[in-house]
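**Q** sequence first, then the predicted structure, then my questions.
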Amino acid sequence: MTIEYEGVQVTATNFRPSLDELKAYVDFVKARVENVTSIKVTLCDNDEVDIQWTAHNQRFERIRRITG
């Protein structure tokens, strides 16, 4: 099952969640990650879900090490 919600493509694998459940997964990821473009939710054997996402234009901060 695949839907698009708030510009994010959400795909559910191994189960058929309700629309409200998929929206909750989007809200969960968007609260933690910026610029999410897609989310894949997979039901695991122990009734837990595995959530994978793709995000674009993440801020990258270069860390330099200065050794003397």
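**A** Sure thing, it's come through.

**Q** quick test: name the residue nearest the centre of the protein.
**A** Among the residues of the chain, the one closest to the centroid is Trp53, at 3.3 Å (C-alpha atoms, centre = their mean).

**Q** next up, identify which helix or strand that residue is on.
**A** Under DSSP states H and E, the secondary-structure element containing Trp53 is strand 49-55.

**Q** pull out the buried residues from that strand.
**A** Within strand 49-55, the residues scored as buried using 16 or more other C-beta atoms under 10 Å are Trp53. Placement of C-beta: from N, CA and C, glycine included.

**Q** pLDDT on it, on average?
**A** Strand 49-55 shows a mean pLDDT of 93.

**Q** give the other helices and strands that it contacts.
**A** helix 19-30, strand 36-43 (3 or more C-beta pairs under 8 Å, 6 or more residues apart in numbering; DSSP states H and E).

**Q** tell me which of those sits most buried.
**A** Most buried of the helices and strands packed on strand 49-55 by mean neighbour count (mean count of other C-beta atoms under 10 Å) is strand 36-43; its value is a mean of 17.

**Q** quick revisit: want to try CSV for the helices and strands packed on strand 49-55, with mean pLDDT and distance to Arg62 as columns?
**A** Output for the helices and strands packed on strand 49-55, formatted as CSV (pLDDT from 0 to 100; distance: least, C-beta to C-beta, whole Å):
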stretch, mean pLDDT, distance to Arg62
helix 19-30, 92, 26
strand 36-43, 94, 23
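
**Q** rewinding a little: pretty sure the residue nearest to the centre of the chain contacts Val29?
**A** Yes - with contact defined as C-beta atoms under 8 Å, Trp53 counts as touching Val29 (5.2 Å).

**Q** what sits in contact with each of those two?
**A** Counting by C-beta atoms under 8 Å, 6 or more residues apart in numbering, the residues touching both Trp53 and Val29 are 36, 39.

**Q** any chance of the helices and strands packed on strand 49-55 in CSV, with distance to Val8 too?
**A** Formatted as CSV, the helices and strands packed on strand 49-55 follow (distance: least, C-beta to C-beta, whole Å):
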stretch, distance to Val8
helix 19-30, 5
strand 36-43, 5
